[in-house]
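[1] quick one, what's the 3D model for this:
(chains A and B, ligands or ions: 2)
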Amino acid sequence: MNMEARPVRTAADEAFIKAFAEVGADLPGSANVKAQRAAAFGRFEACGLPTRRVEQWKYTDLRQFLREARPLAAPPGAVERQRANDAGRAFAAIKPRRLVFVDGTFVAEQSDLTKLDDGLTITSLADALAAGDAEVVKRISDSNVSQGDIAYALNTAFMAGGVVIAVEAGKHIARPIHLVFANCAEKPASIFVRSQVSLGAGARLTLLESHEAFGAEEYHVNSAINVDLGEDAELDHVKLGSDAAAAIHVSTTGAVLAAGARLRDFALTSGGAMVRNQLFVTCNGTGAIVDLRGANLLKNRQHADTTLVLDHASPGCQSRELYKSVLDDTARAVFQGKIMVRRKAQKTDARMMSQALLLSETAETDNKPELEIFADDVQCGHGTTCGALDEKMKFYLMARGIPADEAEALLIKAFLGEVIDGISSEGVRVALSAIVDATMDARGH
Amino acid sequence: MTPLLQIKNLQAEIAGKKILHGVNLDIGKGEVHAIMGPNGSGKSTLSYVLAGKPDYDVTGGEVLLDGANILDMAADERAAAGLFLAFQYPLEIPGVTTMTFLRAALNAQRKKRGEPELSSPEILRRVRTEAEKLGIDPEMLRRPVNVGFSGGEKKRAETLQMSLLEPRVCVLDETDSGLDIDALKVVADGVNRLRSPDRSMIVITHYQRLLDYIVPDVVHVFSKGHIVRTGGKELALELEANGYAEYVEEAA
Ligand SMILES: Nc1ncnc2c1ncn2[C@@H]1O[C@H](COP(=O)(O)OP(=O)(O)OP(=O)(O)O)[C@@H](O)[C@H]1O
Ligand SMILES: [Mg+2]
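    Ligands and ions are numbered 1, 2, ... in the order given. Below is the predicted model of the structure:
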């Protein structure tokens, strides 16, 4: 049997092909960008949406989840923009610089572009692509980062909204930047957004990101972000996935770290029918430090997939991954983590952990850790745990007068605490804890 | 005057194994009853069944607290009704700080009784005051519940919880085990401070020494799942001298 054979095209594949034929030429970008779009789309066309036969999509059959490809989102009208004003409130207390995207379109008028911090530049992706900025173009094409992933290729083909954020060497941007994604259209749509973040040597930035819906329950978001960290640069990236109940959300983070750079990435997923967070991180310089964390709070038939590939390409780098899922009803969490340690990456210190708390007997978790180690002097490890709430602890709490649902909420928060406690910004920590609390409260119905 | 706690022919089993074979016990308001008995005789089982641990099946009998049957209540409702169990083996709860736990417990009980919730500063004040009396380092309050506490610290923490929650019926399951001589006195003082005409206690212990500090009104001998003898505080001395041999055989 030939597994490479091109599968039969689905309605969704056909719809994307039609859409690209119709609008591909009008998507923003100079000639070299258009060439890249065409090449990326060609890769998609050759194999269609990934199925579980594709190793990286083994537990998340995108073809099954995305049976219909919704039309590309129309530019937002006044109503949609108005709705977006309520988006991203979870981080309001931190007073971040809001960059607002309505149905994927960057809306400069609703964004805070005043008094940019010294050394910070923010450009809309469309403008950067149209200008054919060599740096920007180079980052798009970095197929190493995505390892030829088809969802990412589809993003390259259709990307329209987004921003390019650059911080000059040595500049510490005190005020966090918040990418506010508000999906407000009444009709189900497909949204492709791409952003780029590059920090010069020693620069620092906190980037927040939130995804919410104020319109249709159903839509498809394919979001990508390219991160480029110079020597000793530090980026904190926190993503909140609060999509609508029927939303399909695929997100790709591709990050390349120079020597001594630090990346801290955190994703909290509580919304969406299917969410895939894929991260491709490359430690390209000595002594880079990577800390990837995530929490999934899922119920009903929600499905969340975290797939990461961590490439230790240089010596002396450290990576930590900690992912926790709380699963109720028939929810399912997938964790696939691959750590590669190249031959020259001696003294690598890599540790990966995924844990699941099952609140129902029908919830499910799949774990696939992989270590590919070519260096000999390294410390690498991974672990997985999966269990139910501890009944003895629950009884102890109840014996002190705490009602069952509150006791469970305390234990669930305790389980998640470790992931959230590691976040450096107190404001962000408080905001995330509040979201977890609200999700817990909603759980009690 | 009806007893505050009435246990009538209580029978219970776990995993199909019958442990309690008809326990009868009446405790009047303000009384302290000690229960002594051999290992494995069912003393902790009795305390768990009273507190509402779901692992046990009650197969017969009644437990009335102030006349109301508590066997139909969930553990949290029993606690709010005034029942407190100081655990023989207090649980460690990683990730929940002692302060958060105490606040949740206090306010949950108050809420259920229709009393106004206490503010965080007020709770902190009360906790500090009681902790100081029990010689508990305030630093421990910031740590997760019982995690890494020594055996004695756990027992002090149980006593702290009991003092704060001001229950009507206290069940102390070997609260003296794991305590050094000085700590035993501190904890016993804490328990004695709680003695009042409105509050009753069941003190389960293996050692007469505790009963020198917490002087009981009544002493019961528990063997093979029920009470086999009842007497005054001098019964504890007799047990200390002669052991349980007599009762184990009697009940057999
Ligand atoms: N899950 C269980 N399955 C079967 N038997 C059990 C279970 N839990 C407890 N038992 C049994 O119940 C009996 C009573 O135990 P319990 O802990 O109540 O005794 P105890 O009087 O408190 O003893 P100690 O003085 O040692 O604390 C013991 O024989 C014990 O083995
Ligand atoms: Mg016992």
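[2] quick check: the closest residue to residue A:90 other than its chain neighbours vs residue A:362, distance?
    Distances taken as C-beta to C-beta, 6 or more residues apart in numbering or on different chains place residue A:431 nearest to residue A:90, at 5.2 Å, with adjacent residues excluded. To be clear about C-beta, it is placed using only N, CA and C from the backbone, and glycine gets the same treatment. According to C-beta to C-beta, to the nearest Å, residue A:431 and residue A:362 sit 31 Å apart.
[3] what are the pairing partners of the helix or strand where residue A:276 lies, and which direction each?
    For residue A:276, the host element (DSSP states H and E) is strand A:274-283. Applying DSSP bridges, strand A:274-283 is found paired with strand A:248-257 (parallel), strand A:303-312 (parallel).
[4] picking that back up, okay, residue A:431 and residue A:362: which has more neighbours?
    Shown here are residue A:431 and residue A:362; by other C-beta atoms under 10 Å in any protein chain shown, residue A:431 has more neighbours (24 against 13).
[5] on the three-state scheme, that one is what?
    In three-state terms, and counting by DSSP: H, G, I helix; E, B strand; the rest coil, residue A:431 is helix.
[6] flag the shaky bits of the stretch 101-250 of chain A, pLDDT-wise.
    Judged against pLDDT under 70, the low-scoring parts of the stretch 101-250 of chain A cover residues A:142-145.
[7] hey, where'd the strands end up in it?
    A:105-106, A:120-124, A:163-167, A:177-183, A:190-199, A:204-213, A:220-229, A:234-242, A:248-257 (DSSP state E, counting those that start in this stretch).
[8] do the same with the stretch 101-250 of chain B
    Under DSSP E, counting those that start in this stretch, the stretch 101-250 of chain B gives strands at B:144-145, B:169-173, B:200-204, B:218-223, B:226-231.
[9] turn those into TSV, columns for mean pLDDT, distance to residue B:242 and mean neighbour count.
    Output for the strands of the stretch 101-250 of chain B, formatted as TSV (pLDDT from 0 to 100; distance: least, C-beta to C-beta, whole Å; neighbours: other C-beta atoms under 10 Å in any protein chain shown):
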stretch	mean pLDDT	distance to residue B:242	mean neighbour count
strand B:144-145	96	40	23
strand B:169-173	97	24	25
strand B:200-204	96	19	25
strand B:218-223	95	11	24
strand B:226-231	94	12	17
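[10] can I get these in JSON lines with distance to chain A?
    Compiled in JSON lines, the strands of the stretch 101-250 of chain B are given as follows (distance: least, C-beta to the nearest C-beta, whole Å):
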{"stretch": "strand B:144-145", "distance to chain A": "8"}
{"stretch": "strand B:169-173", "distance to chain A": "10"}
{"stretch": "strand B:200-204", "distance to chain A": "15"}
{"stretch": "strand B:218-223", "distance to chain A": "21"}
{"stretch": "strand B:226-231", "distance to chain A": "23"}
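[11] got the ones you listed as JSON lines, with distance to ligand 2 columns?
    Compiled in JSON lines, the strands of the stretch 101-250 of chain B are given as follows (distance: least, C-beta to the ion, whole Å):
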{"stretch": "strand B:144-145", "distance to ligand 2": "21"}
{"stretch": "strand B:169-173", "distance to ligand 2": "6"}
{"stretch": "strand B:200-204", "distance to ligand 2": "7"}
{"stretch": "strand B:218-223", "distance to ligand 2": "10"}
{"stretch": "strand B:226-231", "distance to ligand 2": "15"}
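[12] ok, now how distant is the residue nearest to residue A:165 when sequence neighbours are not counted from residue A:138?
    Closest residue to residue A:165 apart from its sequence neighbours, by C-beta to C-beta, 6+ apart: residue A:197 at 4.8 Å. To residue A:138, residue A:197 is 14 Å away according to C-beta to C-beta.
[13] which one of the two has more residues nearby?
    Neighbour count, other C-beta under 10 Å: between residue A:197 and residue A:138, residue A:197 has more, with 23 against 11.
[14] residue contacts, that one?
    By C-beta atoms under 8 Å, 6 or more residues apart in numbering or on different chains, residue A:197 lies in contact with A:165, A:166, A:205, A:207, A:225, A:226, A:227, A:228, A:235.
[15] who's it bridged to?
    residue A:165, residue A:227.
[16] residues contacting the one residue in the stretch 301-445 of chain A that gets nearest to chain B?
    Per C-beta to the nearest C-beta, residue A:414 is where the stretch 301-445 of chain A lies closest to chain B, at 2.7 Å. Counting by C-beta under 8 Å, 6+ apart, residue A:414 makes contact with B:93, B:94, B:95, B:96, B:144.
[17] kindly report the same for residue A:316.
    If you count contacts by C-beta under 8 Å, 6+ apart, then residue A:316 has A:286, A:287, A:346, A:347, A:348 around it.
[18] max pairwise distance over these: which two?
    A:287 and A:346 (12.1 Å; C-beta to C-beta).
[19] and these two? which has more neighbours close in?
    Taking other C-beta under 10 Å, residue A:287 and residue A:346 do not tie; residue A:287 has more neighbours (19 against 15).
[20] mind listing the helices for the chain?
    Went with chain A since none was named. A:11-23, A:31-47, A:62-65, A:78-84, A:125-131, A:134-140, A:143-146, A:150-158, A:391-398, A:404-421, A:426-443 (DSSP state H).
[21] should've been chain B
    Ranges of helices in chain B, per DSSP H, are B:43-51, B:75-81, B:98-112, B:120-133, B:138-142, B:151-165, B:181-194, B:208-213, B:234-242, B:245-251.
[22] closest to residue A:355 out of the ones you listed?
    Smallest distance to residue A:355 across these (C-beta to C-beta): 21.2 Å, for helix B:98-112.
[23] touching, residue A:367 and residue A:354? I think so.
    Yes: using C-beta atoms under 8 Å as the test, residue A:367 is close enough to residue A:354 to be in contact (5.5 Å).
[24] what do those two both touch?
    Between them, residue A:367 and residue A:354 share the contacting residues A:335, A:384, judged by C-beta under 8 Å, 6+ apart.
[25] neighbour count for the two, which is higher?
    A count of neighbours by other C-beta under 10 Å puts residue A:354 above the other of residue A:367 and residue A:354, at 26 against 19.
[26] beta partners of the closest residue to that one other than its chain neighbours?
    Distance criterion C-beta to C-beta, 6+ apart; nearest residue to residue A:354, sequence neighbours excluded, is residue A:335 at 4.0 Å. Beta bridges link residue A:335 to residue A:306, residue A:367, judged by DSSP bridges.
[27] please apply the same query to the one 5 residues further on.
    Taking DSSP bridges, one finds residue A:311, residue A:372 as the beta-bridge partners of residue A:340.
[28] show me what contacts it?
    A:309, A:310, A:311, A:312, A:372, A:373, A:374.
[29] the same query, at a cut-off of 7 Å, please.
    With contacts defined as C-beta atoms under 7 Å, 6 or more residues apart in numbering or on different chains, residue A:340 is in contact with A:310, A:311, A:312, A:372.
[30] gap between it and residue B:194?
    62 Å.
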